[in-house]
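Visitor: Sequence isn't available, so here's the structure alone:
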């Protein structure tokens, strides 16, 4: 497998492989690499005759091969991009004949999103032999937060850890969604180059007091009155605060709390790494750990699993609008 840095180096040195397979779950990196090719290989005039962008659902292998076998016009290279190549289905295997002897003046970029081509298949082996393969995987939660922080820092901005966490909590782990909000903040705050939690709340539309971060924190600190208020707010704003997402995040929180309790004798750096959190949040888990023993956490996780099924319509005729409040009551009753 190849890294983004290796592919960027190909572009920088103009040392291109005849084929690049960009495949996997995370769209952002696939789109980012593709844009890198589009913006840096051909000049504006060269693109008119030598840039071909095809979509899997609208094309076929014969058309792709026919274009790939053409020589560039008034340029050293032609760039052929197959977007949504997964829509070609099993016919993508038929690209193997071309890949046995690809044209060196053609740069073929295959975007294969949300899936991975079987590494045992001949097409994968041929691409790996003559080209480069990049696997775009989802980042873990702690990696996403570092990615958000780095995006701001690399643009000369400062942002505190709580603001980063709040962005991640609200926007999830899909980097394209997060990046759109980051670009907005970079433009709005280009003078001060400082991002505060107030900016996150104001420009991304996150409530200061009613969000998943505060919801979990209130349950961890046994402040069930506040948890009820947040749950009530969520039930009135379901589009911004989907029930399934809230319960999933709560489940994740208690799983991490379990890891904390089992490994609480470790040093802070090792412990935070094992939990998968920024050390900044270790004190929060320390406080919650005083309220939830391992035995109690096991019971809480069991109840959350039960309500996770209910939230998805399993074992219930209709999902109750007060399901989250019911879950809080169940957790509060556990001793």
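Guide: Right, received. Where do you want to start? As the structure is a prediction and not an experimental result, all values here were calculated from the model.
Visitor: List the buried residues of stretch 91-103.
Guide: Neighbour counts over stretch 91-103 (16 or more other CB atoms under 10 Å) mark 92-93, 95-96, 98-99, 102-103 as buried. Where C-beta positions appear, they are placed from N, C-alpha and C, glycine not excepted.
Visitor: what's next to it, contact-wise?
Guide: 18-19, 60-61, 64-65, 68-69, 71, 85, 108, 112, 117, 121-123, 126-127, 130-131 (CB atoms under 8 Å, 6 or more residues apart in numbering).
Visitor: List the neighbouring strands of the longest strand that the chain contains plus their orientation.
Guide: Assignment by DSSP state E gives strand 106-113 as the longest strand of the chain. Using DSSP bridges, the strands paired with strand 106-113 are strand 19-24 (parallel), strand 78-83 (parallel).
Visitor: can you redo these as CSV with distance to residue 262, mean pLDDT and mean neighbour count?
Guide: Formatted as CSV, the strands paired with strand 106-113 follow (distance: least, CB to CB, whole Å; pLDDT from 0 to 100; neighbours: other CB atoms under 10 Å):
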stretch, distance to residue 262, mean pLDDT, mean neighbour count
strand 19-24, 32, 97, 24
strand 78-83, 45, 98, 22
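Visitor: CSV for those strands, including distance to residue 51?
Guide: Formatted as CSV, the strands paired with strand 106-113 follow (distance: least, CB to CB, whole Å):
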stretch, distance to residue 51
strand 19-24, 15
strand 78-83, 5
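Visitor: domain ranges for this protein?
Guide: The chain is divided into the following domains under automatic domain parsing: 4-136, 141-204, 212-332.
Visitor: and the residue lying closest to residue 155 once chain neighbours are set aside, what element?
Guide: Distance criterion CB to CB, 6 or more residues apart in numbering; nearest residue to residue 155, sequence neighbours excluded, is residue 186 at 5.7 Å. Element membership of residue 186 [criterion: DSSP states H and E] is helix 175-188.
Visitor: give me phi/psi at the spatially most central residue of the chain?
Guide: The geometric centre of the chain, computed from its C-alpha atoms, lies nearest to residue 174 (CA atoms, centre = their mean), at 3.3 Å. Main-chain dihedrals, residue 174, degrees, to the nearest 10: phi -80, psi 110.
Visitor: Roughly how far does the residue nearest to residue 320 when sequence neighbours are not counted sit from residue 225?
Guide: Closest residue in space to residue 320, ignoring its immediate chain neighbours: residue 326 at 6.7 Å, by CB to CB, 6+ apart. Between residue 326 and residue 225 the computed distance is 16 Å (CB to CB, to the nearest Å).
Visitor: max-length helix in the chain?
Guide: helix 243-262 (DSSP state H).
Visitor: So what touches that one?
Guide: So helix 243-262 is contacted by 141, 169, 172, 212, 215-216, 219-220, 234, 271, 274-277, 285-286, 288-289, 292-294, 297-298, 300-301, 304-305, 307-308, 311-312, 319, 323-324, 327 (CB under 8 Å, 6+ apart).
Visitor: quick one, strands of the stretch 51-200 of the chain?
Guide: 51-55, 78-83, 106-113, 132-136, 158-159, 194-195 (DSSP state E, counting those that start in this stretch).
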